[in-house]
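**Q** Only the shape, not the letters, is given here:
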């Protein structure tokens, strides 16, 4: 079973990397958007293999289902044909440097071993027994109630802002 | 109750059982899809005092096969100005979410094979309902991409309309199911069916009539059926997002429409009508419920005129969404009391 899981991981990882590359190399912004959806899908699969089905479902619902639909919508309405990509050399260089640094950081973090091991009472067996959704719900509404409420106020502010922006003469 | 069959206790049997389940569900859904087109033409024909298809085979029963063959041998045209990748991808992106949603719907009770319990459901996800909502949200890509990539103004308007409609109505649809899983205290569809077992009065259609009506109406809007079929309104948009499609790609759009109908019918039966519960063996019960809802969908198509676009948006945001929220509040209060 271990071998099957690893094989699955590598296949999904390969698809994730390829579609991630397609996001930045596609000429047509809509094709980039489709590749990004594919990347989100692969991430959702990783969540599933990490015993976090709730995260996977939310990943697809929020990112692939809502945010990307809006992005595609905007691309369609603005009618951005094939993008003029070559002009932004500086931006590309900056992005390469930033992502190189990030990769370095991630490698160091993995090497130190502080993020790659399970700590605390919640492990795979516990998640399996109680249920991932139940665990997230419990901690959101007990231990992390204040941050949760603050996030909802933030969203409310964003909604009010959107309404004000859309409706000029208020 | 014997042990649940899984990959660890009998791998070969597990894989065989899984493949059988997936294949049989797929074949049944494809058959229902094919004959739903026939049923739709026959039923609407009768309602309009016509006969519907009669010439191909006895009672016209071979009509879906003839249609399929005809579309298969038609020339496949890709417009020269179309964006090719998206144009080819769009019909698949609309069909696949429709078919994979069927995977979480329970179609019977448990059976025992060689000393192991086998549930009659392809996958019992811990987050079954969220999975369904997520897949319903993905279905819109097909329509949007088809509309955009055709490079045709009618297609584009159809695609934009579809995106706006699906985004507005999936909120109300999702919120109306929240009340159901507040009562069932689980997100797994198997758990929801179990919570409704016992007597017919436990079905959520009786304890959640508002949620049932809301989900029924908003899901029809989400799958773009009449009276909410604005993305393909033929009187104003030729054929909407599928104007430029021909041959098998065009057929895929129609298969997706009917597959979505099957999925929504099965989903409403599972969430509100006890799923496979009833007087007959489980599979037959759920098929009866699915066919019942499909008949109602077809009946509605023959009866109602199309809603206007501003009415559609008004209903989605100002009627259905507040009602769904109100329903959640009422359900919460009743549960606490």
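**A** Happy to help now that I have it. Being a predicted model, the structure only gives us computed values, none of them experimental. Numbers count the residues shown, from 1 in each chain, chains lettered A, B, ... in the order given.

**Q** Can you pull the poorly scored residue ranges out of the stretch 151-300 of chain B?
**A** B:231, B:233-234 (pLDDT under 70).

**Q** need the helices for it, in chain order.
**A** B:153-184, B:189-195, B:204-207, B:209-222, B:234-237, B:247-272, B:282-303 (DSSP state H, counting those that start in this stretch).

**Q** Rebuild those as CSV, extending it with distance to residue A:37.
**A** C-beta coordinates here come from the backbone N, C-alpha and C atoms, glycine included. What follows is the helices of the stretch 151-300 of chain B, written out as CSV (distance: least, Cβ to Cβ, whole Å):
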stretch, distance to residue A:37
helix B:153-184, 14
helix B:189-195, 25
helix B:204-207, 33
helix B:209-222, 19
helix B:234-237, 26
helix B:247-272, 18
helix B:282-303, 29
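
**Q** So which of the ones you listed is nearest residue B:335?
**A** helix B:153-184 (6.4 Å; Cβ to Cβ).

**Q** Show me which residues of that closest one are buried.
**A** B:154-184 (16 or more other Cβ atoms under 10 Å in any protein chain shown).

**Q** For the residue nearest to residue B:292 when sequence neighbours are not counted, which residues are in contact?
**A** Excluding the flanking residues, the one nearest residue B:292 by Cβ to Cβ, 6 or more residues apart in numbering or on different chains is residue B:265, at 7.8 Å. Residues near residue B:265 by Cβ atoms under 8 Å, 6 or more residues apart in numbering or on different chains: B:289-294, B:297.

**Q** Return the residues in contact with the residue in the stretch 101-250 of chain B that chain A sits nearest to.
**A** Taking Cβ to the nearest Cβ, chain A has its nearest neighbour within the stretch 101-250 of chain B at residue B:137, 2.8 Å off. By Cβ under 8 Å, 6+ apart, the contact list for residue B:137 reads A:60-61, A:64-66, A:69, B:166, B:170.

**Q** before we move on, back to that, closest one to residue B:20 among the helices of the stretch 151-300 of chain B?
**A** Across the helices of the stretch 151-300 of chain B, closest to residue B:20 is helix B:282-303 (Cβ to Cβ), at 13.6 Å.

**Q** Can you list the buried residues in the closest one?
**A** B:282, B:285-287, B:289-290, B:293-294, B:297-298, B:301.

**Q** list the helices and strands that helix packs on?
**A** helix B:11-47, helix B:247-272 (3 or more Cβ pairs under 8 Å, 6 or more residues apart in numbering or on different chains; DSSP states H and E).

**Q** near chain B, which residues of chain A?
**A** Chain A has residues A:1, A:28, A:30-31, A:34, A:37, A:53-54, A:56-58, A:60-61, A:64-66, A:69-70, A:72-73, A:76-77, A:131-133 near chain B, with proximity defined as Cβ under 8 Å from any Cβ of the partner chain.

**Q** Just the buried residues from those residues, in ChimeraX please.
**A** Provided next is the ChimeraX selection string for whichever of those are buried by 16+ other Cβ under 10 Å:
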select /A:28,30,31,34,37,53,54,56,57,58,60,61,64,65,66,69,72,73,76,131,132,133
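
**Q** Sort out which of the residues of chain A next to chain B are in helices and list them.
**A** The helices, defined by DSSP state H, take in A:30-31, A:34, A:37, A:53-54, A:56-58, A:69-70, A:72-73, A:76-77, A:132-133 from the residues of chain A next to chain B.

**Q** ok so, going back, the residue nearest to residue B:292 and residue B:219: what is the separation?
**A** The spacing between residue B:265 and residue B:219, counted by Cβ to Cβ, to the nearest Å, is 9 Å.

**Q** before we move on, what about residue A:53?
**A** Taken as Cβ to Cβ, the span from residue A:53 to residue B:219 is 23 Å.

**Q** which residues touch the closest residue to residue B:3 other than its chain neighbours?
**A** Leaving aside its chain neighbours, residue B:3 sits nearest to residue B:116 (5.9 Å; criterion: Cβ to Cβ, 6+ apart). Residue B:116 sits next to B:2-5, B:9-10, B:13 when contact means Cβ under 8 Å, 6+ apart.

**Q** can you check residue A:16 too?
**A** With contacts defined as Cβ under 8 Å, 6+ apart, the neighbours of residue A:16 are A:39, A:42-43, A:46.

**Q** closest to chain B among those?
**A** residue A:43 (13.1 Å).

**Q** What parts of chain B come near chain A?
**A** B:7-8, B:83, B:85-86, B:89, B:125-127, B:130-131, B:133-135, B:137-138, B:140-141, B:144-145, B:147-149, B:156, B:159-160, B:163, B:166-167, B:170, B:187.

**Q** want to try CSV for the contacts of residue B:116, with pLDDT, neighbour count and secondary structure as columns?
**A** Output for those, formatted as CSV (pLDDT from 0 to 100; neighbours: other Cβ atoms under 10 Å in any protein chain shown; DSSP: H, G, I helix; E, B strand; the rest coil):
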residue, pLDDT, neighbour count, secondary structure
B:2, 69, 12, coil
B:3, 73, 10, coil
B:4, 74, 12, strand
B:5, 74, 20, coil
B:9, 75, 12, coil
B:10, 75, 17, coil
B:13, 81, 15, helix
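
**Q** before we move on, back to that, which of the helices and strands packed on helix B:282-303 is buried the deepest?
**A** helix B:247-272 (a mean of 23; mean count of other Cβ atoms under 10 Å in any protein chain shown).

**Q** Low-confidence ranges, chain A, go.
**A** Ranges of chain A meeting pLDDT under 70: A:1, A:79-88, A:113-118, A:169-170.

**Q** Can you name the residue of it nearest to chain B?
**A** For chain A, the residue closest to chain B is residue A:65, as judged by Cβ to the nearest Cβ, at 2.8 Å.

**Q** how close does that residue get to residue B:90?
**A** Remark: distance between residue A:65 and residue B:90 (Cβ to Cβ) = 17 Å.

**Q** Equivalent analysis for residue B:181, please.
**A** Separation of residue B:181 from residue B:90 (Cβ to Cβ): 32 Å.

**Q** Please name every helix or strand in contact with the helix or strand hosting residue B:88.
**A** Using DSSP states H and E, residue B:88 falls within helix B:84-101. Here helix B:84-101 touches helix A:29-49, helix B:128-149, helix B:247-272, going by 3+ Cβ pairs under 8 Å, 6+ apart.

**Q** Report the spatially nearest residue to residue B:94, omitting neighbours in sequence.
**A** Nearest one to residue B:94, counting by Cβ to Cβ, 6+ apart, is residue B:142 at 2.5 Å.

**Q** these two touch, right, that neighbour and residue B:98?
**A** No - between residue B:142 and residue B:98 no contact is recorded; they are 9.1 Å apart, counting by Cβ atoms under 8 Å.
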